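Student: structure for this input, please:
(one chain, ligands or ions: 2)
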Amino acid sequence: MDMKASPLSLLKDPTLLKTDALIDGQWLKGPSRFDVHDPATGMKLADVANLGPRDAEQAIAAANAAWPAWRGKTAKERSLILRKWYDLLMANQEDLGRLMTAEQGKPFAEAKGEVAYGASFVEWFAEEAKRINGETLPQFDNNRRLLVIRQPIGVCAAITPWNFPLAMITRKVAPALAAGCPVVIKPAELTPLTALAAAELAMRAGIPPGVLNLLPADGANSIAIGKVICASDTVRHISFTGSTEVGRILMAQSAPTVKKLSLELGGNAPFIVFDDADIDSAVEGAIASKYRNAGQTCVCANRLYVQEGVYDQFVQKFAAKVRTMKVGNGFEEGVVQGPLIEPAAVDKVQKHLDDAKAKGAQVVTGGSRLQGQFFEPTVLSGATGDMLCAREETFGPLAPVFKFKSEQEAIAAANDTEFGLASYFYSRDVGRIFRVSEALEYGMVGINVGIIATEHVPFGGVKQSGLGREGSHHGIDEYVEIKYLCVGDVLK
Ligand SMILES: NC(=O)C1=CN([C@@H]2O[C@H](COP(=O)(O)OP(=O)(O)OC[C@H]3O[C@@H](n4cnc5c(N)ncnc54)[C@H](OP(=O)(O)O)[C@@H]3O)[C@@H](O)[C@H]2O)C=CC1
Ligand SMILES: O=C(O)CCCC(=O)O
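Tutor: Residues are numbered from 1 along each chain as shown. Ligands and ions are numbered 1, 2, ... in the order given. This next block holds a predicted model:
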């Protein structure tokens with residue numbers, strides 16, 4: 001591919017390059033525009049509608065107006081429309097992947113993988129739409145019948161990050177639509193193009209006007225739109241994926257309207273390798289977990305704890321593999337790590353690296369900022385608990401390796417954080433596998449694996465990593481209200 005031409009010139013279906021906002025089935029230019037850039041080259045890709053608080057109010061009203069007809073459809077009717085959306089997402093996997101690599105930077109193969117992953121939530125919840133079952137309960141006297149029904153919560157908002165431009169949208173929107181709720185989506189400023197193309201495919205699939213609205217916005221307008229969404233009595237639920245800091249703001253802003261919130265926030269994932277682990281398998285898992293999306297996922301291993309008996313062997317084998325990783329433009333053949341999303345992200349990796357070096361860590365491989373927004377995949381040995389990388393999510397390709405002696409010490413270090421999203425450990429001792437799994441204060445534990453997410457598992461965290469679960473049959477619970485019916489027998 002010619003790296004000087006826009007990567008979007010190769011779209012098979014150029015009409016998937018949507019740059020306007022979607023409200024009530026209409027594509028709108030918006031009061032102003034903002035630019036979207038390719039993080040690999042800095043090239044401007046498009047200018048996109050920049051919506052503000054008034055547009056948010058309009059979108060919420062449109063969603064509310066569309067709600068009765070959408071919830072009035074049978075589960076099967078909603079399911080069939082979602083299934084068609086899934087088919088269209090998959091039929092356009094390559095174009096969606098191209099848009100994603102262009103605006104987000106992840107390697108093209110990884111981006112196409114995210115399209116399949118994102119689409120799988122639509123497929124899954126198309127099926128789950130038909131299983132929003134109620135209950136009958138034992139009566140407490142013979143003149144009453146007791147029932148429980150589950151009804152759509154109402155207008156939902158989805159506020160999503162740049163690191164998974166499609167999957168974080170479908171993981172929220174598909175269960176909402178399946179349950180019978182309309183949605184207002186506010187995608188990340190840095191990655192609106194994949195979201196807009198997915199919305200176009202939703203329209204082609206037959207999702208009615210007003211049921212799915214999408215409001216691209218720049219940073220300042222995102223804050224203003226967030227305020228409107230939180231203050232609205234019409235919006236009954238917000239699902240947010242992003243930083244813990246913004247999650248706290250949304251929670252505080254939603255207190256006056258007592259809104260239901262699903263929050264998928266920051267992580268600080270420990271990755272523990274015990275002496276009895278299969279080291280080659282642990283190395284594979286660490287590479288997959290640490291360097292996926294250039295380290296920019298909330299479930300990426302952030303702290304690697306390796307027991308003293310295998311520490312040197314692990315560090316040497318891990319660093320040897322990391323040295324072979326090709327960094328570059330995600331469209332280049334063989335590249336497995338693209339650029340970081342923005343200069344501030346590169347600065348954060350550098351800050352964590354400098355801090356660790358100043359406190360005694362050694363660079364085993366990598367350690368350099370490359371041109372533009374690229375950073376070498378880096379491994380540090382001799383990491384200690386007083387370093388920034390032990391406390392904060394680096395969100396980049398830096399792997400600090402800590403040494404530990406005992407199981408208790410590893411568990412205590414792993415749990416010594418306000419976060420509790422994903423955790424990982426490697427061991428072949430069955431007793432230890434159960435003990436450590438139960439002791440880790442995390443919503444998810446990967447045991448002898450480095451990748452854990454798929455559409456039919458409950459994804460989510462404990463402590464300050466968030467509230468609620470996405471995916472799986474639990475995912476739909478966020479979008480329904482439980483109603484108890486107590487039916488008296490008037491005839492006696
Ligand atoms: N848990 C996770 O998966 C993620 C964690 N992060 C962490 O957060 C750090 C910062 O990343 P960043 O992208 O800035 O994450 P943010 O939490 O700032 O952004 C996530 C989403 O929230 C929007 N947003 C930001 N502020 C508000 C607000 N006050 N009201 C409503 N919406 C708002 C953003 O819009 P806009 O894009 O327009 O600012 C974006 O759509 C990362 O370095 C990483 O550590 C980031 C992304 C995902
Ligand atoms: O990083 C995130 O925002 C969560 C998505 C990661 C995944 O689904 O594996």
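Student: and the residue of the stretch 351-492 of the chain closest to ligand 2?
Tutor: residue 453 (3.4 Å; C-beta to the nearest ligand atom). For every residue, glycine as well, the C-beta is placed using N, CA and C.
Student: helix/strand/coil for that residue?
Tutor: With DSSP: H, G, I helix; E, B strand; the rest coil as the basis, residue 453 sits in coil.
Student: got a list of what it touches?
Tutor: 117, 299, 459, 471 (C-beta atoms under 8 Å, 6 or more residues apart in numbering).
Student: please look at the last one and residue 121 and confirm they touch.
Tutor: It stands for residue 471. Yes. Residue 471 is within contact range of residue 121, at 6.5 Å (criterion: C-beta atoms under 8 Å).
Student: who has more neighbours out of these two?
Tutor: More crowded of residue 471 and residue 121, by other C-beta atoms under 10 Å: residue 121, with 30 against 23.
Student: I figured the more buried one was touching residue 169, is that so?
Tutor: No. In terms of C-beta under 8 Å, residue 121 does not count as a neighbour of residue 169; the distance is 9.0 Å.
Student: what does the chain have sitting close to ligand 2?
Tutor: Within the chain, the positions lying close to ligand 2 (C-beta under 6 Å from any ligand atom) are 161, 163-164, 167-168, 241, 297-299, 453.
Student: 5 Å instead?
Tutor: Listed as neighbours of ligand 2 in the chain under the rule C-beta under 5 Å from any ligand atom: 241, 297-298, 453.
Student: and ligand 1, which of the residues you listed contact it?
Tutor: Filtering the residues of the chain next to ligand 2 for neighbours of ligand 1 using C-beta under 5 Å from any ligand atom leaves residue 298.
Student: mind putting the residues of the chain next to ligand 2 into a markdown table with pLDDT?
Tutor: Formatted as a markdown table, these follow (pLDDT from 0 to 100):
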| residue | pLDDT |
| --- | --- |
| 241 | 98 |
| 297 | 98 |
| 298 | 97 |
| 453 | 96 |
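Student: quick one: the strands in the stretch 51-200 of the chain, in order.
Tutor: Ranges of strands in the stretch 51-200 of the chain, per DSSP state E, counting those that start in this stretch, are 135-137, 144-152, 155-159, 183-186.
Student: output the ones you listed in JSON lines, with mean pLDDT and mean neighbour count appended to each entry.
Tutor: Listed next are the strands of the stretch 51-200 of the chain as JSON lines, based on pLDDT from 0 to 100; neighbours: other C-beta atoms under 10 Å:
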{"stretch": "strand 135-137", "mean pLDDT": "97", "mean neighbour count": "11"}
{"stretch": "strand 144-152", "mean pLDDT": "97", "mean neighbour count": "15"}
{"stretch": "strand 155-159", "mean pLDDT": "98", "mean neighbour count": "27"}
{"stretch": "strand 183-186", "mean pLDDT": "98", "mean neighbour count": "27"}
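Student: between the residues of the chain next to ligand 2, which sits nearest ligand 1?
Tutor: residue 298 (3.3 Å).
Student: got a list of what the residue lying closest to that closest one once chain neighbours are set aside touches?
Tutor: In this structure, residue 298 finds its nearest non-sequential neighbour in residue 267, 4.3 Å apart by C-beta to C-beta, 6 or more residues apart in numbering. Contact analysis of residue 267 by C-beta under 8 Å, 6+ apart lists 298-300, 302, 393, 419-422, 461, 465.
Student: mind running it again at 6 Å?
Tutor: Residue 267 makes contact with 298-299, 419, 421-422, 465, according to C-beta atoms under 6 Å, 6 or more residues apart in numbering.
Student: quick check: residue 468 touching residue 478?
Tutor: Yes. If you go by C-beta atoms under 6 Å, residue 468 and residue 478 touch, sitting 5.1 Å apart.
Student: end to end, how far does stretch 291-309 reach?
Tutor: Across stretch 291-309, the terminal residues are separated by 25 Å (C-alpha to C-alpha, to the nearest Å).
Student: which parts of it are buried?
Tutor: By neighbour count with 16 or more other C-beta atoms under 10 Å, stretch 291-309 contains the buried residues 291-307.
Student: give me the pLDDT for residue 342.
Tutor: Note on residue 342: pLDDT of 98.
Student: err, residue 3, not the other one
Tutor: Residue 3 is assigned 65 on the pLDDT scale.
Student: I'd like the distance between the residue nearest to residue 435 when sequence neighbours are not counted and residue 422.
Tutor: Spatially, and ignoring its direct neighbours in sequence, residue 435 is nearest to residue 407 (7.4 Å; C-beta to C-beta, 6+ apart). Taking C-beta to C-beta, to the nearest Å as the measure, residue 407 falls 20 Å from residue 422.
Student: which one's more surrounded, those two?
Tutor: Between residue 407 and residue 422, residue 422 has the larger neighbour count (other C-beta under 10 Å), namely 29 against 19.
Student: can you name the residues bridging to the more buried one?
Tutor: Note on residue 422: beta-bridge partners residue 444, judged by DSSP bridges.
Student: could I get the contacting residues of it?
Tutor: Taking C-beta under 6 Å, 6+ apart as the test, what residue 422 contacts is 267, 269, 299, 444.
Student: pLDDT wise, what is it at?
Tutor: Residue 422 carries a pLDDT value of 98.
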